[in-house]
Every structure is written in C-alpha cells, then in structure tokens.
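Undergrad: Model the structure of this input:
(one chain, ligands or ions: 3)
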Amino acid sequence: MKALQYREIGAPPEVVMVPDPQPGPGQVLLKVTAAGVCHSDIAVMSWPAEGFPYALPLTLGHEGVGTVAALGTGVTGLAEGDAVAVYGPWGCGTCAKCAEGKENYCLRADELGIRPPGLGAPGAMAEYLLVDDPRHLTPIDGLDPVATVPLTDAGLTPYHAIKRSLPKLLPGSTAVVIGAGGLGHVAVQLLRGMTAARVIALDVSEDKLALARAVGAHDTVLSDARAAATVRELTGGIGAQAVFDFVGAEPTVKTAAAVAAVEADVSIVGIGGAALPVGFGHLPFEVSVSAPYWGSRGEFIEVLNLARAGVVAVHTETFSLDEAPLAYERLHAGKINGRAVILPNG
Ligand code: NAD
Ligand code: ZN
Ligand code: ZN
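TA: Ligands and ions are numbered 1, 2, ... in the order given. Modelled structure (predicted):
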C-alpha cells in the first residue's frame, strides 16, 4: 500500500510503497478515509537525530478516521465496514490513569514501548492503519469523516484544556486563544459552545484572525508586542480568566502571562518549547500554569457528541495522499486555514 513516511532526519516526508498490514489477535485493520495534518508532525521532523524518540521510517498521521477492513481474532463489537474515529494517545489500558480513560497520561506507555499511531507506531497517512485495540475506536455514526478527523486531536486537545478551566469561565469572564490555527480555531468554537465567556483570539496572520471571527471570536488581536496591552484594555484592565496558548513560543507565553487575570488558568498547549516562570511576583496571584497533552477517551466521545450537537465545525482543506508532502509545506508556511486533511483512498 501507499504511505506517507518520514524516512530521514531533516528530509521532507515521502510517499512510498510499504507492505499491507495484517491484523494480529485483538487488532483492527482500518481502511483510512481521512487523516489530519498536525503542526506537531512538523516539530517532530525538525528534531535532531540525537535523542530522536521514534524509529525511522515512520508513517505519519496521528489523526485518523476509517472503515473497519478486517478484524483480528478475538475482536468483538465491531463489524467490517463500520466507520470509526481513532483515539490516538494509546496507553496500556490497565494502569490507574488508563483505568480512568486517561490513556494520554498512561503510566506505563514508555516502559512498554506503546506509541500513538503516527508518533512512533505506523500512522494514518496510508491506505490502511493497524489499530492495536478496539477500545481506541469510536463509531462516527453518520458524522462526516473529513470534518470529524481533526476532532481526534485538534478537537480533543483544546477540549481537554478548556474542560479543566470551565469553573473559571463564568459569565462575564474572558478566554484568550493564542494561535487560531488547527487547534485554535476549534478552541474558539468550543469556548463559544461550552461557556458564556468573551473569546479573544490572537494570531500573527490576518487570515487566521478572520477565520477566528468567522467561527465566533468576539474580538481578534494581532499577536505582537502590544497585544497584551490591548487584551487588558478590552477586559477593563482585569485580564483573562483562562488563556490557551496554541503556540508555546517565547513571545506567546510572555503574552499569556501578561494577559492572565488573578486566579487565571494558563494552558500552554503549543510545543514551541518556551518556559513560563511561576513564583511569587512572577504572575498575578494564584495563576495556575499547565502544559496539557491530548485528552481522555471519555473526553473524545464528548467531543464527537459536541460535533453531533452542531457546536463545532472544523474548517478543512483536503489533499490526496500524493499531495500530502505539499500539505505539510503549506502548513509550515502558515498557508492552511483550519486543518489540512489527507484522503489516502480518495
Ligand atoms: P497550526 O499551524 O495549525 O496553528 C498554529 C497557529 O499559530 C497558526 O495560525 C499561526 O499563524 C499561529 N501563530 C504562530 N506564531 C504565533 C504567535 N507568535 N502569536 C500568535 N499566533 C501565532 O498548528 P496546530 O496543528 O493547531 O498546532 C498548534 C500547536 O499545538 C503546535 O505547537 C502543536 O505541536 C501543538 N499541539 C499540542 C498538542 C498537545 O497535546 N499539547 C496536541 C496537538 C498539537
Ligand atoms: Zn497533533
Ligand atoms: Zn496505562
């Protein structure tokens, strides 16, 4: 089958032929309908050889939707042809965190060598995807596969971060979204659908700010050195009760700190690598800073239910598998509005 692989450190990903996977006991083989393009893959492909965590070649794609093509022995509860979305942060299934559905925080994944598809295990940017366990699949039940596939990460990750901060997002509060890209433009919609907070989106691109307004941001602010002062003005000097940074670079974590209100939550979701000092006098009183990762299985089902309720509609741009390297180039250049989605069998 055809697959998009990252093969050599620093080289662009390539479409190559690889052997068709066969489902072993307990596994499920999907024919991939849609696979989302995440900025994290670009980060992975920029990491140096020293300390690179995954074996190469690596088939990319940690957002996947497909139809069941074959079941390994012992798999029940699914039938050939079922349309399903893949929960990506695979864990061991039995540790204390996995027992809560928080496989994203599995206590044993590293030790057992369990990796998400596309981030260690072969990913969804291929004609077929091997899924390690049926518990990582949720029926999409009539949802559109292209619009749904980004929800597996670009939806689930902001949903998890926002859900933590719901008690602070009371009517009259403000939420700031920094970076209105794949994750950020979904975050704006989730905040509008789940809270009565005023939503202010920041980005460096006017196109992304226009998208943020189109999906419900009350205000948009160009992300520059003056952005924090503008947000302060918009909030009558108080600042935001929750800040979601989908960039995580030096200037954005500074902005995040500078717009935080007393007792605010600051979630650094972007993997730009910047640190935000926490300590008395560094931030307004009792600000909580965290760096969340993906979301739980239960939250994944909740996100799909929000899509069914019409709360979130991802803006997508589709590409064939042969065009997948181009999709990454365009994302890298900041030219994707919303989420790029690959159609491996399209
Ligand atoms: P994306 O490229 O679609 O969106 C990033 C957006 O940030 C773009 O709109 C870009 O214009 C904007 N931006 C860049 N610099 C900015 C700045 N200085 N100020 C404001 N906006 C700026 O990327 P994505 O796929 O949405 O991913 C966003 C980030 O989240 C990436 O760092 C990705 O690796 C990370 N991520 C983290 C998790 C997690 O679990 N923590 C999960 C998925 C993605
Ligand atoms: Zn991702
Ligand atoms: Zn576990």
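
Undergrad: Report the contact partners of residue 24.
TA: For residue 24, the contacting residues are residue 72, taking CB atoms under 8 Å, 6 or more residues apart in numbering as the criterion. Where you see a C-beta, it was placed from the backbone N, CA and C, and this is true even at glycine.

Undergrad: same thing but 10 Å
TA: Contacts were defined as CB atoms under 10 Å, 6 or more residues apart in numbering; by that measure residue 24 touches 72, 73, 74, 130, 132.

Undergrad: of those, list those near ligand 2.
TA: Restricting those to those adjacent to ligand 2 (criterion: CB under 5 Å from the ion) removes every one of them.

Undergrad: Take those and lay them out in JSON lines including secondary structure and pLDDT.
TA: As requested, the contacts of residue 24 are exported to JSON lines (DSSP: H, G, I helix; E, B strand; the rest coil; pLDDT from 0 to 100):
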{"residue": "72", "secondary structure": "coil", "pLDDT": "98"}
{"residue": "73", "secondary structure": "coil", "pLDDT": "98"}
{"residue": "74", "secondary structure": "coil", "pLDDT": "97"}
{"residue": "130", "secondary structure": "strand", "pLDDT": "98"}
{"residue": "132", "secondary structure": "coil", "pLDDT": "97"}
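
Undergrad: State the number of residues packed around the residue in the stretch 101-250 of the chain that ligand 2 sits nearest to.
TA: Ranking the residues of the stretch 101-250 of the chain by distance to ligand 2 (CB to the ion) places residue 153 first, at 4.1 Å. Using other CB atoms under 10 Å, the number of residues around residue 153 comes to 28.

Undergrad: residues touching the closest residue to it other than its chain neighbours, list them.
TA: By the measure of CB to CB, 6 or more residues apart in numbering, the closest residue to residue 153 outside its immediate chain neighbours is residue 63, 4.9 Å from it. Applying CB under 10 Å, 6+ apart, we find residue 63 in contact with 34-38, 41, 85-86, 88, 117-118, 123-125, 148-156, 182, 339, 341-342.

Undergrad: Restricted to strands, list those residues.
TA: When the contacts of residue 63 are checked against strands using DSSP state E, the ones located there are 34, 35, 36, 37, 85, 86, 339, 341, 342.

Undergrad: Can you tell me which of the residues you listed has the most neighbours?
TA: residue 35 (35 neighbours).

Undergrad: How much space separates that residue from residue 88?
TA: Applying CB to CB, to the nearest Å, the value for residue 35 to residue 88 is 11 Å.
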